[in-house]
Each structure stands twice: as structure tokens, then as C-alpha cells.
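Trainee: Please work out how this folds:
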Amino acid sequence: MLVKGPGATVELQGLEISGKTLGLVVEGGASVQATRVFVNQATAVGALVTGAASSLQLSESVVAATKDDGTDKGYGVHAVKGAKLVMSDVRVDGNRVVGVGAVGANTSVDLLRVHVGATSIGNFSKTMFGNGLYADDGAQVSASGLRIVGNTSHGVFANKPSTLMNLRGIILAGTQATPDGVGGKGVQAQLGATIRLTAARISANHTDGVFTIDSSTLIDIHGGVIDGTLPQPSDNKFGHGAGSNYGAKRNLRAVRISGNVEAGVHSGQNGQVDASGVLVDATSSSAANGTQGVGIAIEFASSLKLVAARLSGNRFAGLRVMHAGSKVKLRDVLVDGTLGRGLDGAFGVGILAALGPKVHLNGVRLSANHVCGAFATGTGTVIDGSGLLIDSTTVTAGALMLTSVFSVDGPDVRLTGARIVNNPSGGIYAVGPNASRLTVHGLDFIGKPSDFGPFDVGVQVDGGVARVEVVGSRIRHAQSAAASFGDSVGALRDSVIIDTLEGEHIMYDNELNPIGKSVKLSDGIVVGLWAQVEVANTVIFGQARAGVLAKGGQATLKSTLIGGGYLGTALVGSGKLIESGLLFFDNQSNHSRDNGLYVPKAPSPVPPQL
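Mentor: Predicted structure coming up:
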């Protein structure tokens with residue numbers, strides 16, 4: 001049926017349209033109001049409204065099973081070239097390529113309580129989409145109470161600058177991949193388009209629940225759930241909840257992203273994510289190789305701003321940030337319960353930063369993660385944390401032993417006002433090569449007795465660290481040693497070290513070769529071979545053996561109280577002490593030099609492969 005011409009106004013009711021031609025066509029400025037119309041097995045397009053001033057109002061109707069015309073058509077309902085389409089209580093089902101489409105500047109589509117389902121790919125080329133809702137080239141779409149289920153390639157797709165979709169109260173589920181096993185995304189915006197979603201449920205799609213690509217492209221979600229995204233069938237990869245690439249933007253507000261695969265949120269190639277009030281949980285490892293499963297993954301110069309959020313029960317890492325140029329800011333965020341990856345149980349860290357990103361943490365809690373709270377590696381990597389709380393890190397027998405904070409191979413870790421408690425894996429560990437740096441101000445460390453060792457100390461630094469500084473800190477109930485400096489330059493000032501618990505020690509001969517059986521002892525501060533450490537304005541009290549043990553390096557002690565142990569200071573081998581203004585209290589002996597003293601068992605950590 002064709003309605004054409006300016007000023008032409010037609011009302012249709014109770015009509016059935018089918019056949020070898022277009023179903024219902026409105027053009028040339030005509031206006032049609034259609035109620036209880038059944039357009040079934042029309043050809044090329046079920047209902048088409050085209051041209052400026054043309055309008056179609058369709059209600060209580062069905063548009064189904066549109067056939068192709070020998071080309072990649074078979075559209076359900078289509079508005080183009082500035083036309084206006086209004087639909088309410090309409091079912092659009094079993095069409096081809098596009099269920100409901102809007103193309104062209106000034107084209108507008110308003111949808112209320114519309115179902116779009118089972119759109120299939122083009123029958124001619126076998127490659128064209130089967131999009132449920134499609135907007136292109138500047139069209140505007142507004143919808144409420146929308147249900148988009150079981151379409152192909154994309155449930156919702158927006159393309160090109162000025163194209164805008166505002167969708168409220170939407171259920172978008174079960175989008176299928178194309179026959180070659182790719183796609184199946186719930187929502188995609190690209191080339192500068194904008195999609196705004198409010199109160200959306202995006203469930204059980206393939207590859208990505210939501211995907212944004214290209215600069216100036218935006219997807220904004222306020223209130224909703226993105227869950228159960230499945231991998232891409234062609235290679236069993238992906239399954240991300242929300243992804244973005246190449247400068248695209250995503251805003252997430254009050255969204256739960258749950259039970260997806262590989263990554264709950266992923267951003268690469270300059271992508272931008274701004275999120276608040278989100279929960280990202282239960283991400284599983286890759287179905288292809290058992291790796292990943294991260295809550296949020298930021299890489300290749302992308303950025304993330306995350307406020308008042310929780311990343312819970314993910315795998316491999318709650319937050320993974322990689323590559324130079326990537327920038328992350330977290331405020332008031334809980335990262336908890338991260339598990340090892342599915343492949344071998346490795347990792348399970350709260351936050352992992354590698355290969356040069358910048359990570360800023362404010363008021364972040366890392367709780368009950370597996371093996372490590374925060375892991376930093378690579379030259380140029382920065383973790384700058386304020387008010388960080390790390391607690392209840394879990395360690396299983398046979399797992400690679402890390403610590404609450406692990407820094408290796410060149411990063412710069414700066415912690416202010418951190419609290420590390422109830423972790424059997426110890427406090428902060430830093431090691432080179434490549435001149436790693438560690439700065440700790442206002443640390444409150446409370447250790448937890450452990451049989452795992454040797455990473456049970458409050459702060460431990462080994463070779464290749466350019467500089468370590470611990471200021472205004474309190475280290476209580478560490479094990480083996482409260483602070484250990486091996487082959488590093490550092491300072492510990494204005495701090496309190498008390499009640500260091502016994503841990504595993506071993507005896508060395510004059511050449512510092514280990515001999516004999518290990519014993520249980522503890523020292524306040526251990527200064528290793530070639531280390532140079534300044535200790536000033538500090539209280540060291542309540543260790544089983546020495547307040548300061550120098551086993552080859554040099555310790556400069558100023559205005560410090562050492563007490564409550566068997567020895568005040570002890571030298572092993574070529575260790576050297578420079579003392580001024582010391583106060584000794586309640587030691588069995590204040591000074592000792594003994595080349596045969598037991599010293600803490602030295603670890604040989606090997607960074608795991610990422």
C-alpha cells in the first residue's frame with residue numbers, strides 16, 4: 001500500500017498487508033495513522049516512511065517476516081530522509097538486516113513498548129547485519145519500554161556523527177553472532193554516534209554487551225545491568241561486559257556488570273571510561289585459554305576514572321592497567337575477593353599495573369584478594385596511593401608467594417597513609433632491576449603470623465631499588481623482620497617498630513654461605529649486603545634478637561631508641577654501624593659482632609609472567 005503526497009492524511013485500522021511488493025509506504029509529505037495492522041511477509045520493507053514532512057504512526061500492530069527482494073533487504077520498519085516514525089505497542093519480528101531503522105539527518109523515531117526480535121542477516125550476501133534497532137547518518141531515536149531480543153550481529157547499532165539514541169527501560173538480550181561466528185554484540189556505537197541508556201538490562205549477548213569505538217563516540221549508561229555476555233563463537237574469545245577502543249567514551253553510572261568473560265569492562269587504544277556507583281563482579285577467565293577474567297582492564301593509553309565502586313570476585317586481577325600513557329584514578333573503591341585465573345590459579349591480585357601506566361588511588365580498599373593486594377612492574381609504572389587499606393589477602397599452599405604490595409623491575413610506588421593488616425603474606429616488597437623506587441609515608445602495618453614465609457616482613461627491599469623511604473610509620477607484629485634492606489639505599493625516619501614476631505632464620509659462615517638448620521628469630525631492621533640505610537628518630541622495641549642487624553651493609557643510626565630485645569645492634573661479616581644519639585633500653589646486650597649469627601632467610605623471588 002502506498003500513501004503519497006503533501007497533505008495526504010490516511011487512517012488505517014484492522015488491515016492485513018502482504019505480498020511481493022513493499023508493505024506499507026508513506027512518502028512525499030503524507031501522514032498515516034495505522035492501528036491494529038498486520039504486515040506479514042511483505043517484500044524488501046514491511047513499513048517504510050520516507051522524506052521530510054512524511055510521518056507514520058503505527059500502534060497495536062505487527063510487522064513480521066519481511067522477505068528480501070534479491071538484495072540485502074527485508075527490513076521490518078524503516079524511516080529515512082527526514083521522515084517521522086512513531087510506534088507504540090508494536091511487535092517487529094523475524095525480519096532481515098534491520099528490525100527498526102532510522103537513517104538521515106532530521107529523521108526521528110519514537111518507540112513506546114515495542115518488541116524487536118529475531119532479525120536475521122541478509123539473505124543475498126549472507127554477510128549483512130541482522131540489527132534489531134539501527135540508526136545512521138544523523139538520525140534521532142527515542143524509546144521507552146523497548147524489548148530487543150534474539151537479533152543477529154547487533155541488538156542496537158548507531159553510526160556516524162550526530163546520530164543519537166535515547167533509550168529508557170530497555171531489555172536487550174540474546175543477540176546472536178553471524179554465521180561465521182563473529183559479533184553478536186548487545187549495543188554498539190561508532191564513528192561519532194551517541195547512545196544514552198537508562199534503566200537497561202543487557203544480557204546474554206555475544207562478544208561485547210556494550211561496545212564503543214572511534215573518537216567522539218559516546219555510550220552513556222545510567223542505571224542498569226550488563227551480564228552474562230558470551231564469547232565470540234568463532235574463536236571462543238572475548239565476552240566483555242563493556243568495551244571501548246580508539247578514543248571512544250563510556251560513562252557508567254549505577255550499573256552492575258556481572259558474570260561476563262575475560263573482562264567486565266575493557267578499554268584499549270585511547271578509550272575513555274568514567275564510572276561511578278558501579279559493581280563489576282564474577283568475571284570468568286577466557287573460554288579459549290583460561291587466562292584473564294579481570295574486573296576492569298585498561299590498556300594502550302586508555303583512561304579510567306572510577307568513584308564509589310566495587311570490583312568483586314573477578315579473576316586474575318580486579319583492576320589491570322597496562323602500557324605507557326594509560327591513566328587511572330580511583331576514589332572510594334573496594335576491590336575484593338579476586339581469584340586466580342582459570343588456567344592455573346595464578347595471580348588473583350587486587351590491582352595490577354604493568355609496563356608504564358599511572359595509577360592514582362584515594363581511599364581504596366583491597367580486601368581478601370589472592371596472593372597480592374597490589375602488583376606493580378615495569379619502568380615508568382607509577383602507583384600513587386593515599387589512604388589505602390589492604391587486608392585479609394589469602395594465600396594457598398603451592399601458590400606463587402607474593403605480598404600485600406609487590407613492586408618489581410622499575411616502578412615508582414608511593415603510599416601515603418596506607419594501612420596493611422591481617423595479611424599472612426606480609427607488607428610491602430620492592431625489588432629491581434631498573435631502579436625501582438619506594439616511598440612510604442604514614443604506614444600502619446599489623447602483621448599476621450604465617451608459615452608461608454619469607455615475605456612476612458613489614459617493608460622489604462632487595463637489589464635494584466634506587467631509593468626507599470619509610471617515614472612516620474608504625475610496623476607492628478611483622479614476622480622475621482619489621483624492615484629489611486638488601487643491596488639498596490634508603491631511610492627510615494620518625495617511625496615505630498614494635499613486637500616483631502619470630503620467623504625463619506638460617507646461619508651463614510664467614511663467607512656468608514648458609515649452613516646448618518634454620519631457627520625461629522626476629523630482628524627489627526635488617527641491613528643487607530651493600531645496603532646503605534639511615535635510621536633516625538625511630539623507636540625499635542620488642543624483637544626476639546637484634547633491634548638493628550647489619551649483615552654486610554652500612555646503617556647510620558641517629559636519635560633512635562632500641563630496646564626490648566636480646567641485642568641492641570648486631571654486626572655480621574663486613575656490616576658497619578655509624579651511631580649518634582642512640583638510647584638503649586632493656587636489652588641483654590647493646591652491641592654484638594658475630595660472624596656466625598643467624599640471619600633472615602633470603603628470598604629469591606621470580607616475577608611471574610603476565
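
Trainee: contacts for the host helix or strand of Arg320?
Mentor: Assigned by DSSP states H and E, Arg320 belongs to strand 317-322. Defining contact as C-beta atoms under 8 Å, 6 or more residues apart in numbering, one finds that strand 317-322 is touched by 294-300, 304, 311-312, 328, 330, 335-336, 338, 347-355, 357, 359, 366, 369, 375. The C-beta positions use only the backbone N, C-alpha and C, and glycine is treated the same way.

Trainee: What is the burial count for Gly581?
Mentor: By other C-beta atoms under 10 Å, the residues close to Gly581 number 11.

Trainee: no, scratch that, I was asking about Val307
Mentor: By other C-beta under 10 Å, 17 other residues sit near Val307.

Trainee: That one is in what secondary structure piece?
Mentor: strand 303-312.

Trainee: Quickly list what the closest residue to Arg493 other than its chain neighbours is bridged to.
Mentor: In space, and not counting its chain neighbours, Arg493 is closest to Ala536: 4.6 Å by C-beta to C-beta, 6 or more residues apart in numbering. For Ala536, the beta-bridge partners under DSSP bridges are Arg493, Lys558.

Trainee: contacting residues for Ala536?
Mentor: By C-beta under 8 Å, 6+ apart, the contact list for Ala536 reads Ala491, Leu492, Arg493, Asp494, Leu557, Lys558, Ser559, Thr560.

Trainee: what about Ser234, which SS state?
Mentor: Here Ser234 takes the coil state, with states given by DSSP: H, G, I helix; E, B strand; the rest coil.

Trainee: before we move on, back to that, top of the contacts of Ala536 by number of neighbours, please.
Mentor: Tallying neighbours with other C-beta under 10 Å puts Leu492 at the head of the contacts of Ala536, with 28 neighbours.

Trainee: so that one sits right up against Asn537, yeah?
Mentor: No - counting by C-beta atoms under 8 Å, Asn537 is not a contact partner of Leu492; they are 9.6 Å apart.

Trainee: Low-confidence ranges, the stretch 401-550 of the chain, go.
Mentor: Filtered on pLDDT under 70, the stretch 401-550 of the chain yields the residue ranges 401-402, 450-455, 507-512.

Trainee: try 90 this time
Mentor: Applying pLDDT under 90 to the stretch 401-550 of the chain flags residues 401-403, 423-426, 432-436, 448-457, 462-467, 479-480, 486-488, 502-521, 528-530.

Trainee: Next, work out how far apart Trp530 and Gly486 are.
Mentor: 8 Å (C-beta to C-beta, to the nearest Å).

Trainee: Could you check which of these two has the larger neighbour count?
Mentor: Gly486 (23 against 15).

Trainee: Excluding residues flanking it in the chain, which one is nearest that one?
Mentor: Gly528 (3.3 Å).

Trainee: so that neighbour makes contact with Gly553?
Mentor: Yes - at 5.5 Å, Gly528 counts as touching Gly553 under the criterion of C-beta under 8 Å.

Trainee: list the residues that contact both of those two?
Mentor: With C-beta under 8 Å, 6+ apart as the test, Gly528 and Gly553 both reach Phe485, Asp487.

Trainee: Report the contact partners of the residue nearest to the spatial centre of the chain.
Mentor: Centroid-nearest residue in the chain: Ile296, 1.1 Å away (criterion: C-alpha atoms, centre = their mean). Going by C-beta under 8 Å, 6+ apart, Ile296 touches Ala263, Gly264, Val265, His266, Val273, Val280, Leu304, Leu306, Leu311, Gly318, Leu319, Arg320.

Trainee: Could you give the number of residues near the third one?
Mentor: It stands for Val265. 32.

Trainee: Distance from the chain centre to the helix or strand hosting it, please.
Mentor: Here Val265 sits within strand 263-268, counting by DSSP H and E. Counting by C-alpha atoms, centre = their mean, to the nearest Å, strand 263-268 is centred 6 Å from the centre of its parent chain.

Trainee: repeat for stretch 384-398
Mentor: With C-alpha atoms, centre = their mean, you get 17 Å for stretch 384-398.

Trainee: now swap in stretch 412-419 and tell me
Mentor: Offset of stretch 412-419 from its chain centre (C-alpha atoms, centre = their mean): 21 Å.

Trainee: How about residues contacting it?
Mentor: So stretch 412-419 is contacted by 376, 381-391, 405, 407, 428, 430, 436-445 (C-beta under 8 Å, 6+ apart).

Trainee: Which ones among those map onto strands?
Mentor: Cross-referencing the contacts of stretch 412-419 against strands under DSSP state E gives 376, 382-386, 389-391, 405, 407, 428, 430, 436-441, 444-445.

Trainee: The stretch 501-610 of the chain: strands as residue ranges?
Mentor: Applying DSSP state E, counting those that start in this stretch to the stretch 501-610 of the chain gives strands spanning 503-508, 514-521, 523-527, 532-536, 539-541, 546-550, 554-558, 561-563, 567-571, 576-580, 583-585, 589-593, 598-600.

Trainee: ok, Asn513 to Lys576 distance?
Mentor: Using C-beta to C-beta, Asn513 is found at 21 Å from Lys576.

Trainee: swap in Asp444?
Mentor: Taken as C-beta to C-beta, the span from Asp444 to Lys576 is 31 Å.

Trainee: buried stuff in the strand holding Val307?
Mentor: Ser303, Leu304, Lys305, Leu306, Val307, Ala309, Arg310, Leu311, Ser312 (16 or more other C-beta atoms under 10 Å).

Trainee: Please name the residues that touch the third one.
Mentor: Contacts of Lys305 were listed using C-beta under 8 Å, 6+ apart, and they are Val273, Asp274, Ala275, Val328, Lys329.

Trainee: before we move on, the earlier item: Asn513 and Lys576 - which one has more neighbours?
Mentor: Shown here are Asn513 and Lys576; by other C-beta under 10 Å, Lys576 has more neighbours (14 against 8).

Trainee: so how far is Leu443 from the closest residue to that one other than its chain neighbours?
Mentor: Residue nearest to Lys576 in three dimensions, not counting chain neighbours: Gln554, with 4.4 Å by C-beta to C-beta, 6+ apart. Counting by C-beta to C-beta, the gap from Gln554 to Leu443 is 24 Å.
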